[in-house]
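>>> Give me a model of this one.
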Amino acid sequence: MENRTPTSIFTDQDQAMANAIEQVLLNTRHRLCIWHLEQNAITRFGALKKDKEFKYASNQCLKMCVTEQEFEAKWQAMMQKYELTTHSWSENTNHAIGFRASKATTLTKFNTIFKKTINRWRSIEKYDEFTCSKLIAFTSLPLSGMLKHAAQVFTLSLFRDFEEEFGYSMATTVQMIGRNEECLLYQVALEDKPWSAHQVNYIHESHNVWCTCKNFEASGWLCYHCIRILHLHSVTRIPDKYVSKRWTKFAKTEAWDRLKNQDPTHQYIPWRQTMIRKYYNLILKSQENEETREFMEESFTKQS
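Have a look, this model is predicted:
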């Protein structure tokens, strides 16, 4: 990460993790994963999960609030209406490595599963890098303008996210609600969902665009509100400032190039890491065979 902290970090609800992030990642926005919050609503609200009005109120809090003040007002209203002010729950452990730890989980077991998971992640990463370099993104939408540009620069997985936003942008209504000498202010909403409306500021000369939904600030790609306004002004390429390098096909190459320019010895780092993984896997495969262990030790002694 070159000593840089992430702009945003998403986790499930865990107080210890929240405390650690607050102390260590001082300039990082800590957010709770909305998927986990939705699952909490399903599994922990009992009979309320069948109440359509409650589900609507909960969804308003999770997805439809633009400002902190708006969220607090709707949240407090919901808590009081359904008498939830004294209700509490604790979040279950949910690990990306695919198993739930308990008090009986040993460090050895955790380490074994974690190593297998890392190998799986690396294998998936290699496959994704290969497909990104060899394949061209396909879409049912006309591959032109900003969508064509996105297919050229973004990874395949990120292109799918951008494609979804682009699709939504085609089903929106736009209304100009204000302007000054350099900035235009629009309101953009899905045709059949007026409550989805957000405000978008646009400066024509610089192609600066920002939205109250703050999707770009949180995720690193433009929301459908901003895409709609850029399309309205005949912008056919994603402005450079809105192409986050971390989501491009060239992110890893550029990172290694920067390191090599800073210190020529860095050019050997990828090779060293690859060889370390290979030898480490060889050691793991050989550790239970005494003859193989002896052979490896003798070979190492001779080379030394």
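>>> what residues does the one helix or strand Leu147 maps to touch?
Assignment of secondary structure by DSSP states H and E places Leu147 within helix 145-153. If you take CB atoms under 8 Å, 6 or more residues apart in numbering as the criterion, helix 145-153 is touched by 136-137, 139, 141, 143, 159, 162-163, 166, 227, 230-231, 235-238, 243, 248-250. Bear in mind the C-beta positions are built from the backbone N, C-alpha and C, glycine included.
>>> and Val66, what does it touch?
198, 212-213.
>>> Looking at this structure, which strand is longest?
Among all segments of the chain classified by DSSP state E, the strand with the greatest residue count is strand 193-203.
>>> Mind listing the strands that one pairs with, and their directions?
Using DSSP bridges, the strands paired with strand 193-203 are strand 183-190 (antiparallel), strand 208-211 (antiparallel).
>>> how about the longest one as CSV, C-alpha atoms only?
Backbone C-alpha positions of strand 183-190 (Å, rounded to 0.1, in the frame of the first residue of the first chain) are rendered in CSV as follows:
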residue,chain,number,x,y,z
CYS,A,183,-22.0,25.3,-11.8
LEU,A,184,-25.3,23.6,-12.8
LEU,A,185,-27.4,21.8,-10.2
TYR,A,186,-29.6,18.9,-11.2
GLN,A,187,-32.0,16.4,-9.6
VAL,A,188,-31.8,12.9,-10.9
ALA,A,189,-34.2,10.1,-10.0
LEU,A,190,-35.2,6.7,-11.4
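>>> May I see the buried residues of it?
184, 186-190 (16 or more other CB atoms under 10 Å).
>>> cool, stretch 200-211 as well?
Under the neighbour-count criterion of 16+ other CB under 10 Å, stretch 200-211 has 200-202, 207, 209-211 buried.
>>> which residues of the stretch 201-304 of the chain fall in helices?
For the stretch 201-304 of the chain, the helices defined by DSSP state H, counting those that start in this stretch occupy 215-219, 224-232, 251-262, 269-286, 290-303.
>>> For Lys116, state which of the buried residues of strand 183-190 is nearest.
Sorting these by distance to Lys116 puts Leu190 at the head of the list, at 43.0 Å, by CB to CB.
>>> ok, and the helix or strand in the protein with the lowest average confidence?
For the chain, the helix or strand with the lowest mean confidence is helix 251-262, at a mean of 68 (criterion: mean pLDDT, DSSP states H and E).
>>> Run through the stretch 101-250 of the chain and note the low-pLDDT ranges.
Residue ranges of the stretch 101-250 of the chain with pLDDT under 70: 101-102, 134-135.
>>> quick one, what contacts Thr212?
Counting by CB under 8 Å, 6+ apart, Thr212 touches 66, 198-200.
>>> quick revisit: figure out which of the strands paired with strand 193-203 is closest to Asn3.
Proximity to Asn3 (CB to CB) singles out strand 208-211 among the strands paired with strand 193-203, at 27.9 Å.
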